[in-house]
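[1] A structural model of the following input is requested.
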Amino acid sequence: MEAPSSPSSTITAPPDYTEAARRLAKMIVEALTCDFAFMHYDSASESMIEWYWPIGCDGKRVPPSHLKMHRDGYDFRFPCCLCADGGGRGAYVESAVYSWWDESTKKTDWTARCTANRCGYQVKMDKYFLLPSSAEFRFMTDDKEQEVLPEAIPLEWTHKEQTELLNRLNSPIGNGISETEFRILFRRCKKCMRVGARPVMNRHICAGVSKRVLRPRVMPRLTPLYNY
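    Below you'll find the predicted structure:
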């Protein structure tokens, strides 16, 4: 009688997430510390490369404050964050470009950041706008706008940013926050119409459609046409 065959003893090694994390961290450090070029992720080479800064019709670089307007009118994308890593050749996850008031320096900084704050990509753009670079591209010269506008970038504030924005709203000193910051910070449920901070409302359990409060209707007082 033959002995029963034993199951295969081959053990598949788990993927080395530590090595992947080190590689991503190295690219993040490269983007943060590069002094001569504004870097973003390239899925074709799986590395950080210089982002092509757009040139306006006047032959000058488009300032960070005007990038969104030009993105809506022309065919170009914001820098790619590292969330595209592992998505294959051609993968592109567009980062968000937004302004932020720095209390320590008392000035507005323009930042490119991962929209979900997941991969760690976050680079200030202002200093690179002033640097000379060969990585530039020019817009179309006929000023023809796109027929279809690009999709809006769903930026999410980090916990630190949320805390600072709420402090600004609660402070009697200052100018509050902008409409764009308010719309990103808060979210309204379309069913019950309740409003809350976006991270909380993303986990909101809706109680249903809110009841409409009926107020008594005030009838106009009629003036008689004839006196008897």
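
[2] residue ranges with poor pLDDT in this protein?
    1-17, 133-154, 199, 202, 208-228 (pLDDT under 70).

[3] so where's the longest helix in it?
    helix 17-33 (DSSP state H).

[4] Can you list the buried residues in that one?
    24, 27-28, 31 (16 or more other Cβ atoms under 10 Å). Where you see a C-beta, it was placed from the backbone N, CA and C, and this is true even at glycine.

[5] Likewise for stretch 87-101?
    92-98, 101.

[6] and what of stretch 189-197?
    Judged by neighbour count using 16+ other Cβ under 10 Å, the buried positions of stretch 189-197 are residue 189.

[7] Off-centre distance for that stretch?
    Distance of stretch 189-197 from the chain centroid (Cα atoms, centre = their mean, to the nearest Å) equals 22 Å.

[8] try stretch 120-127
    On the basis of Cα atoms, centre = their mean, stretch 120-127 sits 13 Å off its chain's mean C-alpha point.

[9] Now do that stretch: everything it contacts.
    For stretch 120-127, the external contacting residues (Cβ atoms under 8 Å, 6 or more residues apart in numbering) are 24-25, 28, 31-32, 38-41, 64, 79, 81-83, 95, 97, 109-114.

[10] Can you list which of the buried residues of stretch 87-101 are found in strands?
    If you go by DSSP state E, the buried residues of stretch 87-101 have 96-98, 101 in strands.

[11] before we move on, the earlier item: just checking, what packs against the longest helix of the chain?
    Counting contacts by 3 or more Cβ pairs under 8 Å, 6 or more residues apart in numbering; DSSP states H and E, helix 17-33 packs against strand 39-42, strand 47-50, strand 122-124.

[12] Highest mean neighbour count across those strands, which stretch is it?
    strand 39-42 (a mean of 23; mean count of other Cβ atoms under 10 Å).

[13] Sheet partners, orientation included, of it?
    strand 47-50 (antiparallel) (DSSP bridges).

[14] what's whichever helix or strand comes after the partner strand packed up against?
    Using DSSP states H and E, the helix or strand that follows strand 47-50 in sequence is strand 53-55. Using 3+ Cβ pairs under 8 Å, 6+ apart, the elements in contact with strand 53-55 are strand 136-138.

[15] and the next element down the chain from the strand it packs on?
    helix 159-170.

[16] Work out the gap between the helix or strand following that next one and the centre of the chain.
    As assigned by DSSP H and E, the chain's next helix or strand after helix 159-170 is helix 179-185. The chain centre lies 12 Å from the centre of helix 179-185; the measure is Cα atoms, centre = their mean.

[17] can you check stretch 56-64 too?
    With Cα atoms, centre = their mean, you get 23 Å for stretch 56-64.
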